[in-house]
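Provided below for reference: sequence and predicted model.
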Number of protein chains: 2
Amino acid sequence: MIAAGGRLCQLLGLPRSTGQIYGLLYLSTRPLSLDDLVEQLGISKASASTGTRLLCAWGAIQQVWLAGERRPHFEVVAEVGRLVRGCYTEFIKPRLTSSQRRLESMTSSLDEELAHGLLTPEEHRLCANRLTNLARLQKKLLRIAPVAEKFI
Amino acid sequence: MIAAGGRLCQLLGLPRSTGQIYGLLYLSTRPLSLDDLVEQLGISKASASTGTRLLCAWGAIQQVWLAGERRPHFEVVAEVGRLVRGCYTEFIKPRLTSSQRRLESMTSSLDEELAHGLLTPEEHRLCANRLTNLARLQKKLLRIAPVAEKFI
DNA sequence: CAATTCGTTCAATCTGGATTGAACGAAATC
DNA sequence: GATTTCGTTCAATCCAGATTGAACGAATTG
């Protein structure tokens, strides 16, 4: 589980240690402290600190205060599906909408170039077609979201 | 467009140059040779060679032989949606199915540990629950595919 | 208040993988 | 057949970003 989490994060361009922390906590039968993570994963306290903070910010894990312990421990929060959804709304969706704006500006500047005679009508038609294709794809990708949410 | 392709590839953990090549070809009004790519993108011929080969393998671009030219040129193939679908069947789906197998083996070894008294029934129940949660999520993700294909 | 225990931060280091220059082989041209 | 023009391959290099050790500050304990 630790290895799987590490590889998944590395595949996504995220710190491997972060995935390892989640993997360990996911099958731990009790909340773990920072030093537990350091010891069991063989990572530095610095990595453990930044990793847990990142996972907390994503709502993947949470701090809990155990009776008799004065430092916080960590445990995973239940639903994994929420992580996937969060990944969509945090990562994919903003990029899709921002690139939609960029596409619009590219289209308008393309029209300008045609008006100034920098492009033949032929060339303009080809580029405009490709850009509208992209725009259409983006709209579809954005429309999938509500459908997918019903499934997950 | 070049920058967008480069950044997208970099985000996905792919060579930036590959994305740049696709971005340039996507708005080019004519097929380009390897040396065109080298010149216009400022990348080495080695990067251009491996990049075009990768994109050809994905069906993102294709070679065309222009009359009077003895070396092949490259152009994008139209539908972008096919790329997204290919990304799913090539990357996501295999990983989902392989990790499904791994999950099953983990579950069975977990049962063994319970039988050998290495785990309390309490601990076994918690781990088994989390594993079945994961398995359920994977099944859902796999089931989304046919739905999404109708949309894109 | 001193001493200890933590978590955080930051500069330095390490590393996986992209990039590249050069060598190579194939094909075409003369 | 010699020469030039290509595309490919591979070892060396480079780089972004993950990791870490050490220093720091806050909180707690004696």
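Cool, got the structure.

contacts and neighbour counts: CA atoms only from here.
Fine.

what residues does chain A put near DNA strand D?
Chain A has residues A:13-18, A:42-47, A:70 near DNA strand D, with proximity defined as C-alpha under 7 Å from any atom of the strand.

any buried residues in the longest helix along chain A, and which?
Ranked by residue count, the top helix of chain A under DSSP state H comes out as helix A:121-151. Buried residues in helix A:121-151, defined by neighbour count with 16 or more other C-alpha atoms under 10 Å in any protein chain shown: A:123-125, A:127-128, A:130-131, A:134-135, A:137-138, A:141, A:148.

save those as CSV, and put in distance to residue A:3 and pLDDT too.
Below are these laid out as CSV (distance: C-alpha to C-alpha, whole Å; pLDDT from 0 to 100):
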residue, distance to residue A:3, pLDDT
A:123, 51, 94
A:124, 50, 96
A:125, 50, 95
A:127, 45, 94
A:128, 46, 95
A:130, 42, 93
A:131, 41, 94
A:134, 37, 91
A:135, 38, 92
A:137, 35, 88
A:138, 34, 89
A:141, 31, 84
A:148, 28, 72
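
re earlier: ok, and the most crowded of the residues of chain A next to DNA strand D?
Tallying neighbours with other C-alpha atoms under 10 Å in any protein chain shown puts residue A:17 at the head of the residues of chain A next to DNA strand D, with 25 neighbours.

and the angle from the longest helix of chain A to helix B:121-151?
Counting by axes from the mean of the first three to the mean of the last three C-alpha atoms, to 10 degrees, helix A:121-151 points 150 degrees away from the direction of helix B:121-151.

how far does helix A:121-151 sit from its chain's centre?
Distance, stretch centre to chain centre, for helix A:121-151: 21 Å (C-alpha atoms, centre = their mean, to the nearest Å).

can you give the domain ranges for chain A?
A:2-76, A:81-151 (automatic domain parsing).

mind telling me which of those the model trusts least?
For the domains of chain A, mean pLDDT drops lowest on domain A:81-151, to a mean of 88.

does stretch A:12-32 come close to DNA strand C?
No - Stretch A:12-32 lies out of reach of DNA strand C by C-alpha under 7 Å from any atom of the strand, never closer than 9.3 Å.

what does that stretch contact?
A:1-10, A:37, A:41, A:43, A:47-48, A:51-52, A:54-55, A:60-61, A:64, A:73-76, B:11-13, B:123, B:126-127, B:130 (C-alpha atoms under 8 Å, 6 or more residues apart in numbering or on different chains).

buried residues in the helix or strand hosting residue A:83?
According to DSSP states H and E, residue A:83 maps onto helix A:81-87. Neighbour-count burial for helix A:81-87 flags A:81, A:82, A:85, A:86 (criterion: 16+ other C-alpha under 10 Å).

ok, now which ones touch the third one?
By that I understand residue A:85. Residue A:85 touches residue A:149, counting by C-alpha under 8 Å, 6+ apart.

any idea how far it is from DNA strand D?
Distance, residue A:85 to DNA strand D, using C-alpha to the nearest atom of the strand, to the nearest Å: 21 Å.

could you do the last one as well?
Distance of residue A:86 to DNA strand D, computed by C-alpha to the nearest atom of the strand: 19 Å.

ok, the closest residue to that residue other than its chain neighbours to DNA strand D distance?
Distances taken as C-alpha to C-alpha, 6 or more residues apart in numbering or on different chains put residue A:58 closest to residue A:86, at 7.7 Å, once the chain neighbours are dropped. Between residue A:58 and DNA strand D the distance is 16 Å, computed by C-alpha to the nearest atom of the strand.

again with residue A:130
Look at residue A:130 and DNA strand D: by C-alpha to the nearest atom of the strand, they are 25 Å apart.

just the buried ones from the contacts of stretch A:12-32, in PyMOL syntax?
Here is the PyMOL command that selects the buried residues among the contacts of stretch A:12-32 (16+ other C-alpha under 10 Å):
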select buried, (chain A and resi 1+2+4+5+6+7+8+9+10+37+47+48+51+52+55+60+61+73+74+75+76) or (chain B and resi 123+127+130)
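
so which of the contacts of stretch A:12-32 are in strands?
Among these, the members falling in strands (DSSP state E) are A:61, A:64, A:73, A:74, A:75, A:76.
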